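# Output the structure for:
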Amino acid sequence: MLQRYSQCAAPDRIILMKNEVYRLPQNHREVQVLSGIAWITVDKHDIILHGPEKISLPPSKNFAVISPLRNMPLIVAVCSTVDS
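Numbers count the residues shown, from 1 in each chain. From the prediction side, this is the model:
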């Protein structure tokens, strides 16, 4: 499921604390962990990313859900994908 990650000009930064969950908008498919450990679930697949890992999520009808692991704050940068 890991795919090539492309840079975006102005990523949104999301900060999540213990027990918080963020539903990633469907057009935001690229994620980079800046700090902490991310648990991402999309299409019944779980992905664990450690900083500074990056991922480009495949197109999906479903939303991806992101939450922090190990009681540490999580900071991620997310980018919208642009269809050519």
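
# my guess is Leu74 contacts Ile40, does it?
No - Leu74 lies out of contact with Ile40 (Cβ atoms under 8 Å); the separation is 10.5 Å. (Glycine included, C-beta is placed from N, CA and C.)

# the more surrounded of these two?
Between Leu74 and Ile40, Leu74 has the larger neighbour count (other Cβ atoms under 10 Å), namely 25 against 21.

# hey, what's that one bridged with?
Here Leu74 sits in beta bridges with Leu16, going by DSSP bridges.

# Just the pLDDT for the spatially most central residue of the chain.
The centre of the chain sits closest to Val31, judged by Cα atoms, centre = their mean, with a distance of 3.7 Å. Note on Val31: pLDDT of 94.

# before we move on, back to that, identify the contacts common to Leu74 and Ile40.
Shared contacts of Leu74 and Ile40, defined by Cβ atoms under 8 Å, 6 or more residues apart in numbering, are found at Ile66.

# In what element of secondary structure is the closest residue to Pro59 other than its chain neighbours found?
Nearest residue to Pro59, sequence neighbours excluded (Cβ to Cβ, 6 or more residues apart in numbering): Arg29, at 7.1 Å. Using DSSP states H and E, Arg29 falls within strand 28-35.

# Buried residues, that strand. List them.
Across strand 28-35, burial judged by 16 or more other Cβ atoms under 10 Å covers 28-33.
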